[in-house]
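Q: below are the sequence and a predicted model; questions follow.
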Amino acid sequence: MLRNNDQTGKNRVYIEISNRNWFLPTQLCQLLQSLTVPMQYIGWGHPNIRGGNGTSWAKEHQLKIYAEDFQSIGFYITHKNEALEELAEYNKANFTTLQSLCDGSIVTIR
């Protein structure tokens, strides 16, 4: 798990998956959504999608989930779960917008 925030400053957690596994990101997304945990973003590790400095072949896929949404899953390791709770509480106190579950439609941003 990595901690990062988006452009608005809202905290999220990352789940990183080896670039060799192209099926696991969508499978995890479907699993999390079946548990009503919305996925904020899937960043694919393909060299045509990410990179540009010659090392993009080694990039991993990244699943990004807002901290308050991931709270229901949590972490087994105590200090990671404490950090997650702190990040989620910050998001709840400073943001009112909720991430919705994906309905399977494709959105193109131009």
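A: Yep, that arrived.
Q: hmm, who's touching the top helix by length along the chain?
A: Counting residues, the longest helix found in the chain (DSSP state H) is helix 78-94. Residues outside helix 78-94 that contact it (CB atoms under 8 Å, 6 or more residues apart in numbering): 1, 3, 9-11, 13, 66-68, 70-71, 74-75. (Each C-beta comes from the backbone N, C-alpha and C, glycine too.)
Q: nearest to Phe95, of those?
A: Nearest to Phe95 among these: Lys10, at 5.3 Å, using CB to CB.
Q: list the buried residues in stretch 20-39.
A: Judged by neighbour count using 16 or more other CB atoms under 10 Å, the buried positions of stretch 20-39 are Pro25, Leu28, Cys29, Leu32, Val37, Pro38, Met39.
Q: so what pLDDT did the third one get?
A: It stands for Cys29. Each residue has a pLDDT score; the one for Cys29 is 91.
Q: over to the fourth one?
A: Leu32 carries a pLDDT score of 93 in this model.
Q: and the longest helix of the chain, what's buried?
A: Neighbour counts over helix 78-94 (16+ other CB under 10 Å) mark Ala83, Leu84, Leu87, Ala88, Tyr90, Asn91 as buried.
Q: how about CSV for those residues, with pLDDT and distance to Glu60 added?
A: Formatted as CSV, the buried residues of helix 78-94 follow (pLDDT from 0 to 100; distance: CB to CB, whole Å):
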residue, pLDDT, distance to Glu60
Ala83, 94, 21
Leu84, 95, 21
Leu87, 94, 21
Ala88, 95, 24
Tyr90, 94, 26
Asn91, 93, 24
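Q: got those as JSON lines, with distance to Ile109 columns?
A: Below are the buried residues of helix 78-94 laid out as JSON lines (distance: CB to CB, whole Å):
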{"residue": "Ala83", "distance to Ile109": "31"}
{"residue": "Leu84", "distance to Ile109": "29"}
{"residue": "Leu87", "distance to Ile109": "26"}
{"residue": "Ala88", "distance to Ile109": "27"}
{"residue": "Tyr90", "distance to Ile109": "27"}
{"residue": "Asn91", "distance to Ile109": "23"}
